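Trainee: next one to model:
(one chain, ligands or ions: 2)
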Amino acid sequence: MKIRVLGCYGGQLLGFHLTSFLINDTVLLDAGSPTEVLTLEEQSKIEHIFLSHTHLDHIKDIAFLADNRALKRFADSSKAGRITIHSLQDNLDTLSKHFLNNIVWPDFTKIPTKEKGILRMESFEAEQVLTVGDLEITPIKVEHPVPCTGFLLNQDGAQAIFTADTGHTDRIWEIANQQPNLKAVIIDCSFPNNYEKLANMSGHLTPKGMAQELKKLDKLGSISIYLYHMKPEVLTEMASEVEAEDIPHLRMLTQVDELVIKA
Ligand SMILES: [Zn+2]
Ligand SMILES: [Zn+2]
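Mentor: Ligands and ions are numbered 1, 2, ... in the order given. As a prediction, the model looks like this:
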């Protein structure tokens with residue numbers, strides 16, 4: 001499985017993109033930045049978006065991805081080229097009611113027509129195993145102020161975990177520890193240590209909090225750990241706090257990373 005980092009930051013600044021990972025060229029985990037990073041050709045390959053939650057930094061580019069596909073779809077009468085958004089029902093309801101509501105942005109589930117809308121929505125339950133080809137994706141509930149799931153990815157006998165936005169949590173680590181061949185974890189690390197209170201209030205982790213969470217992971221020390229959702233304006237400060245935790249095989253993600261997860 002190939003995980004291309006499109007955006008890995010918890011804030012938008014010149015040169016820093018919001019959360020979005022492209023799996024095997026066709027599946028997006030969250031949609032904070034695909035249209036800022038991908039060519040039209042690359043965007044046209046996207047068939048699925050697995051959405052952790054509805055905060056704007058994770059959904060923003062659903063709007064522009066759909067819009068970029070619109071002209072082509074108007075000229076094409078088939079259902080090819082649709083994008084399916086997968087998330088908890090609560091999140092899909094939020095998208096319909098507050099985002100793709102014909103006020104903030106057009107309802108692209110009904111454009112060009114209801115039958116062949118550019119976007120489709122499909123709800124999942126937590127811990128339901130979903131498949132796209134031979135990629136298995138399992139959403140796992142995490143702790144955030146709105147309904148949010150991280151994801152377990154499994155392909156060709158190797159697994160990876162993306163925690164999505166989360167504060168202190170347990171279930172995802174239980175599931176991580178049940179995996180036969182877990183290779184990598186991408187974990188929230190948003191604020192410097194002196195913002196611990198803010199991190200707790202907003203359902204995020206500091207380097208210290210992240211290190212505490214990782215103690216729940218049996219394989220710590222033998223697998224790769226990647227941090228994401230750092231606030232760009234405090235990146236340098238956070239980097240030294242992360243280094244002080246001295247966790248093996250751990251680093252902050254960057255936007256040029258392409259992770260290959262294999263058995
Ligand atoms: Zn969030
Ligand atoms: Zn976020």
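Trainee: now do the strands in this protein.
Mentor: Secondary structure of the chain (DSSP state E): strands at 2-7, 20-23, 27-29, 48-50, 83-87, 119-123, 130-132, 135-141, 149-155, 158-162, 182-188, 224-228, 250-252, 258-260.
Trainee: as JSON lines, those strands with mean neighbour count, distance to Ile62 and mean pLDDT would be great.
Mentor: For the C-beta atoms, the positions are set from N, CA and C on the backbone; glycine is no exception. Rendered in JSON lines, the data for the strands of the chain read as follows (neighbours: other Cβ atoms under 10 Å; distance: least, Cβ to Cβ, whole Å; pLDDT from 0 to 100):
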{"stretch": "strand 2-7", "mean neighbour count": "21", "distance to Ile62": "13", "mean pLDDT": "98"}
{"stretch": "strand 20-23", "mean neighbour count": "25", "distance to Ile62": "10", "mean pLDDT": "98"}
{"stretch": "strand 27-29", "mean neighbour count": "24", "distance to Ile62": "9", "mean pLDDT": "98"}
{"stretch": "strand 48-50", "mean neighbour count": "23", "distance to Ile62": "7", "mean pLDDT": "98"}
{"stretch": "strand 83-87", "mean neighbour count": "22", "distance to Ile62": "7", "mean pLDDT": "98"}
{"stretch": "strand 119-123", "mean neighbour count": "16", "distance to Ile62": "7", "mean pLDDT": "97"}
{"stretch": "strand 130-132", "mean neighbour count": "15", "distance to Ile62": "17", "mean pLDDT": "98"}
{"stretch": "strand 135-141", "mean neighbour count": "20", "distance to Ile62": "17", "mean pLDDT": "98"}
{"stretch": "strand 149-155", "mean neighbour count": "25", "distance to Ile62": "17", "mean pLDDT": "98"}
{"stretch": "strand 158-162", "mean neighbour count": "24", "distance to Ile62": "18", "mean pLDDT": "98"}
{"stretch": "strand 182-188", "mean neighbour count": "25", "distance to Ile62": "20", "mean pLDDT": "98"}
{"stretch": "strand 224-228", "mean neighbour count": "21", "distance to Ile62": "19", "mean pLDDT": "98"}
{"stretch": "strand 250-252", "mean neighbour count": "17", "distance to Ile62": "26", "mean pLDDT": "98"}
{"stretch": "strand 258-260", "mean neighbour count": "13", "distance to Ile62": "23", "mean pLDDT": "98"}
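Trainee: which of those strands sits closest to Lys110?
Mentor: Each of the strands of the chain was checked against Lys110 via Cβ to Cβ, and the shortest separation belongs to strand 119-123, namely 9.0 Å.
Trainee: ok now that closest one, how far from the chain's centre?
Mentor: 17 Å (Cα atoms, centre = their mean, to the nearest Å).
Trainee: ok so, going back, nearest to Leu235, out of the strands of the chain?
Mentor: Leu235 lies closest to strand 250-252 among the strands of the chain, at 7.8 Å (Cβ to Cβ).
Trainee: tell me which other helices or strands that closest one touches.
Mentor: Taking 3 or more Cβ pairs under 8 Å, 6 or more residues apart in numbering; DSSP states H and E as contact, the helices and strands that strand 250-252 lies on are strand 224-228, helix 235-245.
Trainee: got TSV for these, with distance to Leu22 too?
Mentor: Shown next, in TSV, are these (distance: least, Cβ to Cβ, whole Å):
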stretch	distance to Leu22
strand 224-228	14
helix 235-245	22
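Trainee: output the contacting helices and strands for the lowest-mean-pLDDT helix or strand in the chain.
Mentor: The least trusted helix or strand in the chain, going by mean pLDDT, DSSP states H and E, turns out to be helix 56-75, with a mean of 91. The contact analysis (3+ Cβ pairs under 8 Å, 6+ apart) places helix 56-75 against helix 34-37, helix 40-43, strand 83-87.
Trainee: which of those sits closest to ligand 1?
Mentor: Ligand 1 sits nearest to strand 83-87 of all the helices and strands packed on helix 56-75, at 13.0 Å, using Cβ to the ion.
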